[in-house]
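Visitor: Sequence plus predicted model, see below.
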Amino acid sequence: MHVLLAASELHPFSKTGGLADAVAALAQAVARSGIRVSVVTPLYRGIAARFPGIRPSDWRFDVPMGARLVPGSFRCFEATPNLTYWFVDQPGYFDRAGLYNEAHRDYPDNPARFLFLAKSALLLARHHPEPPAIVHAHDWQLGMLPLLVHHGRVSGGWPGAPRTVFTIHNLAYQGSFPVEAWSLTNLPLGWFHLESAAHFGRLNFLKGALCLADSLTTVSPRYAEEICTPEYGCGLEGVLRRRGHDLTGILNGVDYAEWNTTSNPALPHAYDAFHLAGKAANKAALQAELGLPVRDDIPLFGNITRLTEQKGCDLVLGALEALLPDEQFQFAVLGNGDPLLEASFGSLAARFPRQVVARIGFDAKLAHRIEAGSDFYVMPSRFEPCGLNQMYSLRYGAVPVVRATGGLDDSVVDPRADADLATGIKFTDIS
C-alpha cells in the first residue's frame with residue numbers, strides 16, 4: 001500500500017509551527033508500520049543547501065496556472081526504504097525569505113503558490129509508478145488537493161483516483177482569496193459553488209477540502225467537537241456539522257526519538273523520571289544561558305509559542321504585569337509573531353531582567369532546553385486544536401499549566417479530575 005501526504009511545511013526541512021512536526025512524525029510512523037509513504041512539500045530557500053542528500057530527479061513538468069504554464073520539477077530524498085520526500089522545485093514561488101509572508105505581510109500570490117503545490121502533488125499521485133491508495137492533505141495550503149482529486153475522479157478521466165483525507169490543523173486559517181483566483185484552478189466555473197470552495201463570494205481553500213475530501217480528521221477529539229459550534233467553527237460550523245459522520249478527532253502524537261531527555265544533543269545533562277538530578281542541572285544551565293540568577297529555590301516558567309492572542313500571550317503579559325516584581329519566580333519565553341506582543345515581552349524583559357527573558361525568534365535547540373529547564377510550562381490558549389508543547393512538557397518533567405480547550409483538555413489531567421493520575425493544571429475561565 002502507498003500513501004501520499006502533502007503539506008506546506010515539514011520538519012526538519014521547513015517549519016513555522018506544529019504542522020511541520022505533526023506531518024513529519026505521522027509520515028515516519030506510517031512508514032515504520034510497513035506502508036510506503038511519499039510526502040510532497042515545497043523546496044523553500046536554503047533547504048537544498050542544508051540537506052545535501054536531496055537530489056534532483058528527472059521528473060520535470062509544466063503546470064497550467066490560469067492562462068499560462070508554470071514549469072517545475074521534483075527533487076527527492078529517500079529517508080528510509082519506505083519513506084520518500086518529494087520537494088517541489090519552483091524558485092519563482094518558493095525561493096523566498098519566508099514560507100507564507102515577509103514582515104508580517106502575506107505574499108499576495110499565495111493562492112497561486114499553493115495551487116501550484118497542490119497540482120504538483122496531483123501529478124505525482126496520478127503518474128507515480130506505484131499509485132497511492134490514499135492522498136492525505138494538510139491544512140488550507142493543500143485544501144484544493146482533495147477538490148482536484150475529486151474532479152479527476154468525477155469528470156477528469158481518472159476513475160481509479162485515490163481516496164482523500166484532509167486534516168484540519170487550525171480552522172482559523174482558511175486560505176480565503178478573491179474569487180478571481182478560481183481561474184488558477186483551470187476547473188470549470190460550474191465547480192465553484194456552495195458545496196465546493198465558494199464561501200461568501202470568495203474562494204476558500206479549506207472549505208473546498210471540507211466539502212469534497214472523502215474523510216476529514218482534526219488533531220484532537222475535543223477540537224473535533226468544538227469546531228462544530230459557532231464559537232469555534234470560524235464560519236464553517238455548518239459544513240462541519242453536515243460532514244460530522246466523516247469527521248474524526250485524533251490526538252497528535254510526538255516523535256519521542258527527537259523529544260527525549262536521555263540522549264538529546266540539545267541538552268547539557270541527561271535525565272529521566274528516575275534520575276532527576278539532570279533535570280535540576282538543566283535548570284541551572286538554562287538560567288545561566290539566559291542571564292537569569294541561578295536559583296533552585298524559585299520556580300521557572302517556560303513558554304515556547306507563536307506570539308498571538310490565540311495562544312493567550314496577552315493573558316500571560318497581564319499576569320506577569322500583575323505579579324512582578326513582588327512574587328518570586330522566573331519566566332522565559334521563546335517565539336515570534338505579532339510585533340506588538342514581541343515588543344511587549346521585550347519591554348517586560350528589559351524592566352525585569354532578573355526575572356523575565358524574551359527570546360524573539362525560533363531556536364529549536366533552545367526550545368528543548370527551555371522544556372528541560374522549566375518547572376512549569378504555560379499554555380493558556382484561547383483555543384488549541386491540539387498543541388504539542390504540553391506533550392513535550394509531560395515528557396520533559398515541566399508541569400503544564402493549560403486552558404481546558406481542544407487538545408490541551410484531551411492530553412492533560414487536572415488533579416481535581418483525578419488526583420492519582422494528574423499530569424498538570426487546567427483552568428477554564430479567562431481571568
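Guide: Okay, I see it. Residues are numbered from 1 along each chain as shown.
Visitor: residue boundaries of the strands in the stretch 1-150 of the chain?
Guide: Listed in chain order, the strands found in the stretch 1-150 of the chain under DSSP state E, counting those that start in this stretch are 2-6, 36-42, 55-65, 68-80, 83-89, 101-102, 105-106, 134-138.
Visitor: residues in contact with L83?
Guide: With contacts defined as C-beta atoms under 8 Å, 6 or more residues apart in numbering, L83 is in contact with A27, Q28, A31, V37, V39. Yep, even glycine has a C-beta here, placed from its N, CA and C like the rest.
Visitor: out of those, who has the most neighbours?
Guide: Using other C-beta atoms under 10 Å as the neighbour criterion, V39 leads the contacts of L83 with 27 neighbours.
Visitor: pretty sure it contacts A25?
Guide: No: at 11.7 Å, V39 does not count as touching A25 under the criterion of C-beta atoms under 8 Å.
Visitor: that older thread, columns distance to T423 on top of the strands of the stretch 1-150 of the chain, output as TSV?
Guide: Formatted as TSV, the entries for the strands of the stretch 1-150 of the chain read as follows, by distance: least, C-beta to C-beta, whole Å:
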stretch	distance to T423
strand 2-6	30
strand 36-42	31
strand 55-65	44
strand 68-80	32
strand 83-89	32
strand 101-102	36
strand 105-106	38
strand 134-138	28
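Visitor: With distance to L421 and mean pLDDT as new columns, can those strands be given to me in TSV?
Guide: Listed next are the strands of the stretch 1-150 of the chain as TSV, based on distance: least, C-beta to C-beta, whole Å; pLDDT from 0 to 100:
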stretch	distance to L421	mean pLDDT
strand 2-6	34	98
strand 36-42	34	98
strand 55-65	48	96
strand 68-80	36	97
strand 83-89	35	98
strand 101-102	42	94
strand 105-106	43	94
strand 134-138	32	98
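Visitor: Quick one, which of the ones you listed gets closest to L189.
Guide: Shortest distance between L189 and the strands of the stretch 1-150 of the chain, using C-beta to C-beta, is found for strand 55-65: 15.5 Å.
Visitor: quick one, that closest one and strand 83-89 angle?
Guide: Relative orientation of strand 55-65 with respect to strand 83-89: 50 degrees, computed using axes from the mean of the first three to the mean of the last three C-alpha atoms, to 10 degrees.
Visitor: Kindly format the C-alpha coordinates of strand 55-65 as PDB.
Guide: Backbone C-alpha positions of strand 55-65 (Å, rounded to 0.1, in the frame of the first residue of the first chain) are rendered in PDB as follows:
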ATOM      1  CA  ARG A  55      18.900  15.000  -5.200                       C
ATOM      2  CA  PRO A  56      17.400  16.200  -8.500                       C
ATOM      3  CA  SER A  57      15.100  13.900 -10.300                       C
ATOM      4  CA  ASP A  58      14.300  13.500 -14.000                       C
ATOM      5  CA  TRP A  59      10.700  14.500 -13.200                       C
ATOM      6  CA  ARG A  60      10.000  17.900 -14.800                       C
ATOM      7  CA  PHE A  61       6.600  19.200 -15.600                       C
ATOM      8  CA  ASP A  62       4.500  22.200 -16.700                       C
ATOM      9  CA  VAL A  63       1.500  23.100 -14.600                       C
ATOM     10  CA  PRO A  64      -1.400  25.100 -16.100                       C
ATOM     11  CA  MET A  65      -2.000  28.100 -13.900                       C
END
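Visitor: That one packs against which elements?
Guide: Using 3 or more C-beta pairs under 8 Å, 6 or more residues apart in numbering; DSSP states H and E as the contact criterion, the elements in contact with strand 55-65 are strand 68-80, helix 110-127.
Visitor: mind listing what it pairs with, with the direction of each?
Guide: Based on DSSP bridges, the pairing partners of strand 55-65 within the sheet are strand 68-80 (antiparallel).
Visitor: Quick one: work out the angle between the strand it pairs with and strand 36-42.
Guide: Angle, strand 68-80 to strand 36-42, by the same axes, to 10 degrees: 130 degrees.
Visitor: So which bits of strand 68-80 are buried?
Guide: Within strand 68-80, the residues that qualify as buried by neighbour count (16 or more other C-beta atoms under 10 Å) are V70, G72, S73, F74, R75, C76, F77, A79.
Visitor: what's it in contact with?
Guide: Contacts of strand 68-80 with the rest of the structure, by C-beta under 8 Å, 6+ apart, involve 28, 31, 43, 48, 51, 53-57, 59-64, 84-90, 92-93, 116, 120, 124.
Visitor: Buried ones among these?
Guide: Buried members of the contacts of strand 68-80, scored by 16+ other C-beta under 10 Å, are 28, 31, 43, 48, 54, 59, 61, 63, 84-90, 93, 116, 120, 124.
Visitor: pLDDT at D326, what is it?
Guide: Per-residue pLDDT puts D326 at 87.
Visitor: So it, which state does it fall into?
Guide: Under DSSP: H, G, I helix; E, B strand; the rest coil, the three-state class of D326 is coil.
Visitor: What is the neighbour count of it?
Guide: Using other C-beta under 10 Å, D326 is surrounded by 6 other residues.
Visitor: roughly how far apart are it and A112?
Guide: 54 Å (C-beta to C-beta, to the nearest Å).
Visitor: for A343, same thing?
Guide: From A343 over to A112 the distance is 33 Å, taken as C-beta to C-beta.
Visitor: And those two? Which one has more around it.
Guide: For A343 and A112, the more surrounded residue by other C-beta under 10 Å is A112, and the numbers stand at 18 against 13.
Visitor: wait, that one sits on T185?
Guide: No: the pair formed by A112 and T185 falls short of the contact definition of C-beta under 8 Å, at 10.4 Å.
Visitor: just to revisit the earlier point, present the contacts of L83 as JSON lines; the columns should include distance to A224.
Guide: Listed next are the contacts of L83 as JSON lines, based on distance: C-beta to C-beta, whole Å:
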{"residue": "A27", "distance to A224": "22"}
{"residue": "Q28", "distance to A224": "24"}
{"residue": "A31", "distance to A224": "26"}
{"residue": "V37", "distance to A224": "24"}
{"residue": "V39", "distance to A224": "24"}
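Visitor: So which of those is the closest to Q141?
Guide: For Q141, the closest of the contacts of L83 turns out to be V39, at 13.8 Å, with distances computed as C-beta to C-beta.
Visitor: Quick check: beta-bridge partners of the closest one?
Guide: So, taking DSSP bridges as the rule, V39 has L5, Y85 as bridge partners.
Visitor: what sits against it?
Guide: Applying C-beta under 8 Å, 6+ apart to V39 gives the contacts L4, L5, A6, A7, L10, V23, A27, L83, T84, Y85, W86.
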